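Show me the folded form of this:
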Amino acid sequence: MSDLAIQTTPIQGLLVVDLPVHGDSRGWFKENWQREKMVALGLPDFRPVQQNMSFNAEAGVTRGLHAEPWDKLIGLARGRIFGAWVDLRPGETFGTSFTLEMGPEKAVFVPRGVANGYQALEPDTAYSYLVNEHWSPQARASYTYLNLADETVGIDWPIPLSEAILSDADLAHPRLAAVAPMQPRRTVIVGAGGQLGLALRDALPGAVALSRAELDITDRAAVQSFDWQGVGVIVNAAAWTAVDAAETGEGRRGAWAVNVDGVRNLVDVAARNRITLVQVSSDYVFDGVAEMHAEDEPFSPLSVYGATKAAGDSVVMTLPDYYVVRTSWVIGDGKNFVRTMESLAARGVSPRVVNDQFGRLTFAADLAAGIAHLLAVRPAVGTYNLTNDGPVTSWFEIARDVFALSGRDPADVAPQSTAEFGAGKVVAPRPVHSGLGLDKIKSVGFVPRDAGGALREYLGA
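Residues are numbered from 1 along each chain as shown. Predicted coordinates for the structure are as follows:
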């Protein structure tokens, strides 16, 4: 009896599992899928939803090669097979093959886009497989097929195909040269009309970009009825960001609808469809007492807006596959603080700017690039702080930098306190310190640009 073990293969993500088989005079027992043990050893937590079985009455029955739009874990209840797998995903490994003779003592994890085929080597072979999406005629229409006899791949079937038992459909599958690779699952950007959404369109080419008019995440029926089949990632760039307006009755309801109810609608479809959800969060989930905030700092929002963002983050964290990307002081295309200061400088206006709130700018292009990096590298799920790098500064100091880069005397910008700024107005309480520690995002290979250099480039200075 072997120990439970997982072996890699030349096909990325195709894994062979050695299964302990416990036998006695009555027969044998095995754990064909044991989530806790297998995930700990490196098998993906693929969350199966359907089990299928194929009975093969005679030796020589040969099936495949089919690449399907889901992951599967195959095993045998009886008999032996010669298994064959071919990578039909786009990239350098397209056409790579792997073969294995196996009985009940092994299982094979087959990732989406890898064609699967087998030949029964004994009569009465019972072949079983778990899949993580329900079969449907629509799903079958997206299969990718490869001919069992393709000369380029050259699978050496133990029983020659001329003597094997095959279906007419399998005999008619195309050769490798005529096969279009199975494309990866799509990425959908919601809230794609805002500053970050526009930057994400550039950072994630090929993604489906939806503005609020195209998909309002607060409309539960619209979110649920959207076609999520084949979607692998949702990036949520939709948010209520009118911080002061959220302190009023109507604004409070609006902030909660977008930042919590809308997020919950996305979480529901992500959970049901095995979709990775990227949630963009905010420094406002903290009270700003600490000068620098780490990812694991407990929530302590001061404002209604901050409370809704913290609540939305908490809902996202119930998913098995998510990234909460926490950021601050976002600057992109459209109306924002830097463009306002640039305009004031050009018009000869000398503003007063708050000098007792401290943080770092985050340029939307850098934030989008960091999100794209997380989705490419796929580090451990969780929360990642992501702003531009460099020293923590104040809004006042940033305004002076903008004036200087615009050709105005920075002394034309006067300081004022947050209390002075908010006098006589309904103003949400702000965290004094909004600096976010960047060690974690750097540890997974993304090093943000210095905020000062990014500001100069943004202004074309």
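
hey, where'd the helices end up in the stretch 301-450 of the chain?
Listed in chain order, the helices of the stretch 301-450 of the chain (DSSP state H, counting those that start in this stretch) span 304-316, 337-346, 364-377, 395-405, 418-422, 439-443.

Let me see the domain layout of this structure.
5-178, 186-458 (automatic domain parsing).

Would you pull up how far the first one lies from the middle of the chain?
Think domain 5-178. Domain 5-178 sits 27 Å away from the centroid of its parent chain (CA atoms, centre = their mean, to the nearest Å).

so how far does it reach from one end to the other?
Terminal residues of domain 5-178 are spaced 37 Å apart (CA to CA, to the nearest Å).

worst average pLDDT in the helices of the stretch 301-450 of the chain?
Mean pLDDT per stretch puts helix 418-422 lowest among the helices of the stretch 301-450 of the chain, at a mean of 90.

Any regions of the stretch 1-150 of the chain where pLDDT drops low?
Scanning the stretch 1-150 of the chain for pLDDT under 70 picks out the ranges 1-2.

Got the phi and psi for Arg80?
phi -140, psi 150 (degrees, to the nearest 10).

what's near enough to touch it?
101-103, 120-122, 125 (CB atoms under 8 Å, 6 or more residues apart in numbering). Every C-beta, even on glycine, is put in place using the N, C-alpha and C of the backbone.

Name the residue closest to the centre of the chain, please.
By CA atoms, centre = their mean, the chain has its centre lying nearest to Thr276, at 3.9 Å.

wait, isn't it in contact with Val324?
No: if you go by CB atoms under 8 Å, Thr276 and Val324 don't touch, sitting 11.8 Å apart.

re the thing from before, which of the contacts of Arg80 lies closest to Val269?
Met102 (36.4 Å; CB to CB).

now that closest one, which residues is it bridged with?
Under DSSP bridges, the beta-bridge partners of Met102 are Ile81.

Count the residues that sit near it.
21 (other CB atoms under 10 Å).

I'd say it and Ala84 touch.
No: Met102 is beyond contact range of Ala84, at 11.2 Å (criterion: CB under 8 Å).

Of the contacts of Arg80, which is the nearest to Ser167?
With CB to CB as the yardstick, the closest approach to Ser167 among the contacts of Arg80 comes from Ala120, at 13.5 Å.

Count the residues that sit near that closest one.
Neighbours around Ala120, by other CB under 10 Å: 27.

try the one 3 residues further on
A total of 13 residues lie near Pro123 under the criterion other CB under 10 Å.

Phi and psi next, for the closest residue to Asn56 other than its chain neighbours.
Among residues not flanking Asn56 along the chain, Ala120 sits closest, at 3.9 Å (CB to CB, 6 or more residues apart in numbering). Dihedral angles of Ala120 (phi, psi; degrees, to the nearest 10) stand at phi -70, psi 130.

In the sheet, which residues pair with Ala120? Tell me.
With DSSP bridges as the criterion, Ala120 is bridged to Ile81.

Please give me every residue in contact with it.
56, 58-62, 79-81, 127.

how about 6 Å then?
Applying CB atoms under 6 Å, 6 or more residues apart in numbering to Ala120 gives the contacts 56, 59, 61, 81.

Out of those, grab the one that's most surrounded.
Neighbour max across the contacts of Ala120 (other CB under 10 Å) = Ile81, 26 neighbours.

Give me the neighbour count for Gly407.
Neighbour tally, Gly407, other CB under 10 Å: 9.

Noted, bye for now.
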